[in-house]
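Trainee: Predicted model follows, preceded by the sequence.
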Amino acid sequence: MSKIDFQNVHTMVGADATLEGNINLDGGLIVYGKIQGDVNTKGPVRIAKTAEVVGNIIASDIQIGGVVNGNITVNDRIVLVNQSAVNGDMVYRRLYIEEGAKFSGRCDLSGD
């Protein structure tokens, strides 16, 4: 797909970090480490290839390079890049799955 867009991404979880608990944001989030808890933001979420999220995610859009074990709900698009893995249900307007990405769950197109 395309290069990661860092516009509106204000918070980062570093590769050596493990966060336990829910995260609530207004801006975007990029994750290189591990989150055990739900993520709720009005902004975009970027999950790097090194990252893992165990929890549900609500965001404006999401690009996943790592692993997500939980349900994902976005206002716009979900992008699963090569070698990413999602185990959970997804609600979206647009879905892009690259070859080599793994997905297990249910897909639902969101209404207007």
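Mentor: Thanks, I have it.
Trainee: quick one, helices of this protein?
Mentor: For the chain, none of the segments meets the definition of helices by DSSP state H.
Trainee: which residues of it score low on pLDDT?
Mentor: Residue ranges of the chain with pLDDT under 70: 1-9, 112.
Trainee: excluding its backbone neighbours, what's nearest the residue nearest the centre of it?
Mentor: A centroid search over the chain (C-alpha atoms, centre = their mean) returns residue 62, at 4.5 Å, as the residue closest to the centre. Using C-beta to C-beta, 6 or more residues apart in numbering and skipping the chain neighbours, the partner closest in space to residue 62 is residue 45 (4.5 Å). All C-beta atoms are positioned from the backbone trio N, CA, C, and that covers glycine.
Trainee: Over to residue 90?
Mentor: Beyond its immediate neighbours in the sequence, the residue positioned closest to residue 90 (C-beta to C-beta, 6+ apart) is residue 72, lying 4.8 Å away.
Trainee: My understanding was that the one you found contacts residue 60; is that so?
Mentor: No: Residue 72 sits out of contact with residue 60 when judged by C-beta atoms under 8 Å, with a separation of 11.9 Å.
Trainee: Can you pick out the residue with more neighbours from those two?
Mentor: Here residue 72 and residue 60 are set side by side on neighbour count (other C-beta atoms under 10 Å), and the busier one is residue 72, at 24 against 15.
Trainee: Bridge partners for that one, pull those for me.
Mentor: Applying DSSP bridges to residue 72 gives these bridge partners: residue 57, residue 90.
Trainee: Would you mind confirming that residue 47 is in contact with residue 70?
Mentor: No: proximity of residue 47 to residue 70 does not meet the contact threshold set by C-beta under 8 Å, at 11.2 Å.
Trainee: if I look at these two, which residues touch both of them?
Mentor: Listed contacts common to residue 47 and residue 70 are residue 53; contacts here mean C-beta atoms under 8 Å, 6 or more residues apart in numbering.
Trainee: Between those two, which has more neighbouring residues?
Mentor: Shown here are residue 47 and residue 70; by other C-beta under 10 Å, residue 47 has more neighbours (29 against 18).
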